[in-house]
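Q: based on what follows, work out the 3D shape:
(one chain, ligands or ions: 1)
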Amino acid sequence: MVFMDKMERDVRKFMHLFGQACPEKPTLADFETRRLRYSLILEELHELQDAYAMVGQDDVSELDSLTEVADSLIDILYVTYGALIAHGLPIQALWDEVAANNLTKIGGGKDKNGKVQKPANYEPPKIREILMFETCE
Ligand SMILES: [Mg+2]
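A: I've put the predicted structure just below:
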């Protein structure tokens, strides 16, 4: 879809500008790249944790909290896109597979935190098949 393409283009532009590798095909990135990608995502997750921890404090308005929450969530998307691109992963194909697969979780119920559970007949998304196809294309 159009917005997803734009998100990927924007992150690719950043990565090219700063000399970060953007392989064309699925590739397990080198150790330094994996370490960087992990730490970027973890840093943004911690920012989200901090933002949620601010909610309801006396000196923090709802808009202050929401600003921090929005900032960290967009940063999580951005660095996650970066990690997908750094591994040369086919974002749209993987997204389509996972999104369609998630809809097959009907009937699995929810756990105590509200997370949708997998039903007994659930089959995992065909990630491997997508990567095999993309690698030999
Ligand atoms: Mg941030």
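Q: residues of stretch 85-96 that come out buried?
A: Ile85, Ala86, His87, Gly88, Leu89, Pro90, Ile91, Leu94 (16 or more other CB atoms under 10 Å). C-beta coordinates here come from the backbone N, C-alpha and C atoms, glycine included.
Q: ok, and the closest non-adjacent residue to Val11?
A: Tyr81 (4.3 Å; CB to CB, 6 or more residues apart in numbering).
Q: which regions of this structure lie under the pLDDT threshold?
A: In the predicted model, the chain carries pLDDT under 70 at residues 1, 137.
Q: which residues does Asp59 contact?
A: With contact set as CB atoms under 8 Å, 6 or more residues apart in numbering, Asp59 has no partners.
Q: now, which of the buried residues of stretch 85-96 lie within helices?
A: If you go by DSSP state H, the buried residues of stretch 85-96 have Ile85, Ala86, Ile91, Leu94 in helices.
Q: which ones are touching the residue in the chain that the ion sits nearest to?
A: Minimum separation of the chain from the ion (CB to the ion) falls at Asp75, amounting to 3.6 Å. Asp75 is in contact with Glu44, Glu47, counting by CB under 8 Å, 6+ apart.
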